[in-house]
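Engineer: Pasted the sequence and its predicted model underneath.
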Amino acid sequence: MISKKEKIALLHMLAIKESLTSTEFNNVLREVQNLSLDLFFSMKSNEVKNNSSLATKTNSVSSSKPKTLDFILKSLRVQDAEKYELLQQLRLNLRSGAVLKNFSDIKDLLAKLDQASLITSSKASTINNLLMFLSKKKSNEIRDIIKNHIRPNVTHDDKGFNELANYIIDPTKK
């Protein structure tokens, strides 16, 4: 029979496995093997903290691989739910074409944000770069960028409706 702490550790491990795809989980397992399993499992937690060579090795492993947008969003879901929701909603709107429908619109936005270096040859990759850039911002900064630079696409049918709505709101404006 395992102890309560061991059960909690097992549940954590199962939760991690559940949150990752099978490929991602296999990559994690491979990285754990690279940390030298004997050293990793034989040390107590305070010994791991004090072992500078292990810390250096783990830092070099994590810094050598770029983080993907999916990885960033998964970590934000836990760490900053508000930012996660903003980015996830923006991601869905960008991919569906509800906002910034054309590739040129996305390029223009990145140019306005002085991030033209994030523009690639594909729209999907550029959207990922934009979202990764925004993930480094604070939630209120992301909201400001969305409010000031990203507008829903207006079709010809919507234009008349918007004019009528604006007239109802303020009849003195033309």
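Structural biologist: Great, that's in hand. Numbers count the residues shown, from 1 in each chain.
Engineer: quick one: low-confidence ranges for this structure?
Structural biologist: Within the chain, the stretches falling below the threshold (pLDDT under 70) are 32-66, 153-161, 173-174.
Engineer: The residue nearest to the spatial centre of the chain and residue 87: what is the separation?
Structural biologist: Nearest to the mean C-alpha position of the chain, counting by CA atoms, centre = their mean, stands residue 73 at 3.1 Å. Shown here: residue 73 relative to residue 87, a distance of 6 Å by CB to CB, to the nearest Å. C-beta here means a position set from N, CA and C on the backbone, and glycine is covered the same way.
Engineer: Now do the residue nearest to the centre of the chain against residue 111, distance only.
Structural biologist: Distance from residue 73 to residue 111, counting by CB to CB: 25 Å.
Engineer: go on, residue 143?
Structural biologist: Relative to residue 111, residue 143 is positioned 21 Å away (CB to CB).
Engineer: Kindly report the same for residue 86.
Structural biologist: In this view, residue 86 and residue 111 are 22 Å apart by CB to CB.
Engineer: And these two? Which one has more around it.
Structural biologist: The residue with more neighbours, out of residue 86 and residue 111, is residue 86; 21 against 12, by other CB atoms under 10 Å.
Engineer: is it true that the more buried one touches residue 142?
Structural biologist: Yes: A contact is recorded between residue 86 and residue 142 when judged using CB atoms under 8 Å, the distance being 5.0 Å.
Engineer: residues touching the residue nearest to the centre of the chain, list them.
Structural biologist: Contacts for residue 73 were tallied using CB atoms under 8 Å, 6 or more residues apart in numbering; they are 84, 87, 88, 91, 135.
Engineer: Give me the buried subset of those residues.
Structural biologist: The neighbour-count test (16 or more other CB atoms under 10 Å) marks 84, 87, 91, 135 as buried among those.
Engineer: mind checking how far the strand or helix carrying residue 85 is from the chain centre?
Structural biologist: With the criterion set as DSSP states H and E, the secondary-structure element containing residue 85 is helix 81-96. In this view, helix 81-96 has its centroid 9 Å away from the chain centroid, taken as CA atoms, centre = their mean, to the nearest Å.
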